[in-house]
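1. From the sequence below, what's the structure:
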Amino acid sequence: MSNSLLQAFFVGRAVADVLTEKFELALTDAMSELGKFDAEARENLRAFTEEVIERANRAAEAADANYTPSGDGQSNTESGDVQATIDELRAEIATLRTEIQRYRSNTV
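-> Presented below is the predicted three-dimensional model:
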């Protein structure tokens, strides 16, 4: 009887060892696949980001190439008369507000 108990003990121990080894291999494989997936996802995200930035830069360059300044070609910032431009814009806004108020009072 002790021989069969001893044999059962060793069989149980061998089963536990084999299961532990199989579990370790499965866990190692799963972690390896997860690492591969993470690396691929990061690479795909990096490539996507680079492509988006490249397209945005090309679109900006194309827009710059097609842009032609209106008027005499010299902006107010180049002439140094920024305050005068601000004052003109404020005056236009005030005029538009007056016209809007007049329109609203006539329609009511």
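
2. For residue 86, see how far away residue 92 is.
-> Distance, residue 92 to residue 86, by CB to CB, to the nearest Å: 11 Å. Just so you know, the C-beta spots here come from the backbone N, C-alpha and C atoms, and that holds for glycine as well.

3. I meant to write residue 24 there.
-> Distance from residue 24 to residue 86, by CB to CB: 73 Å.

4. okay, and the helix or strand of the protein with the least pLDDT?
-> Least confident helix or strand, the chain: helix 76-79 with a mean of 52, by mean pLDDT, DSSP states H and E.

5. Just checking, which helix or strand succeeds that one along the chain?
-> Next in sequence after helix 76-79, counting helices and strands by DSSP states H and E, comes helix 82-107.

6. And that next one, how far out from the chain middle?
-> 41 Å (CA atoms, centre = their mean, to the nearest Å).

7. got a list of what residue 50 touches?
-> Residues counted as contacts of residue 50 (CB atoms under 8 Å, 6 or more residues apart in numbering): none.

8. Check which helix or strand it maps to.
-> Counting by DSSP H and E, residue 50 is part of helix 2-66.

9. what distance separates that helix from the centre of its chain?
-> 23 Å.

10. That one - what's its average pLDDT?
-> The predicted model gives helix 2-66 an average pLDDT of 92.

11. Just give me the residue right at the centre of the chain.
-> residue 49 (7.5 Å; CA atoms, centre = their mean).

12. contacting residues for it?
-> Applying CB under 8 Å, 6+ apart, we find residue 49 in contact with no residue.

13. What distance do you get for it to residue 106?
-> Distance of residue 49 to residue 106, given as CB to CB: 55 Å.

14. Could you measure from residue 21 over to residue 4?
-> 26 Å.

15. Tell me how far residue 38 lies from residue 22.
-> On the measure of CB to CB, residue 38 and residue 22 end up 25 Å apart.
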